[in-house]
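Colleague: the following comprises the amino acid sequence and a computationally predicted model.
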Amino acid sequence: MEGLVPLVPLITMFLFTLLPLALLVAVIVYVVRLVRRTERRAEERLQLDKENADIQLQQTQMISELNERLTGIEKVLREVE
């Protein structure tokens, strides 16, 4: 037991030195993962927004075409009257 007594302060010093470093590394890893996840979600959201914008543009074009066709049909019906 007397051979272990000098090791106790060495072990406690080792733990008090490595424990904060390990916690710091764990926090850094967590933050990096959080940032990457946030970036990935932002990119997915941006892609969805682009797709929605394209769909809205197509719908707007279709509505314009339908309005033009409806206007043409109304003109033909007025001429027939």
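Modeller: Nice, thanks for sending it over. Numbering: from 1, shown residues only.

Colleague: can you list the weak-confidence ranges in this protein?
Modeller: Low-confidence segments of the chain (pLDDT under 70): 1-5.

Colleague: recalculate using a threshold of 90.
Modeller: 1-22, 79-81 (pLDDT under 90).

Colleague: which residue is nearest the middle of it?
Modeller: Arg41 (1.1 Å; CA atoms, centre = their mean).

Colleague: helix, strand or coil for that residue?
Modeller: Put simply, Arg41 is helix when judged by DSSP: H, G, I helix; E, B strand; the rest coil.

Colleague: any idea how far it is from Leu24?
Modeller: Arg41 sits 26 Å away from Leu24, going by CB to CB, to the nearest Å. Backbone N, C-alpha and C define where each C-beta goes, glycine included.

Colleague: and Val27, how far from Leu34?
Modeller: In terms of CB to CB, Val27 sits 10 Å off from Leu34.

Colleague: rewinding a little: tell me who's in contact with the residue nearest to the centre of the chain.
Modeller: By CB atoms under 8 Å, 6 or more residues apart in numbering, no residues touch Arg41.

Colleague: so it versus Glu74, what's the distance?
Modeller: 48 Å.

Colleague: what does Arg37 give?
Modeller: Distance from Arg37 to Glu74, by CB to CB: 55 Å.

Colleague: next one: Phe16
Modeller: Phe16 is 86 Å from Glu74, by CB to CB.

Colleague: also Val25?
Modeller: Val25 sits 73 Å away from Glu74 when distances are taken as CB to CB.

Colleague: what do you get for Ala42?
Modeller: 47 Å.

Colleague: next one: Gln56
Modeller: Gln56 is 26 Å from Glu74, by CB to CB.

Colleague: with Pro6 instead?
Modeller: 101 Å.

Colleague: just Gln47 next, same as before
Modeller: As judged by CB to CB, Gln47 and Glu74 stand 41 Å apart.

Colleague: do Glu81 as well
Modeller: 11 Å.

Colleague: same question for Asp49.
Modeller: Between Asp49 and Glu74 the computed distance is 37 Å (CB to CB).

Colleague: with that, I have no additional questions.
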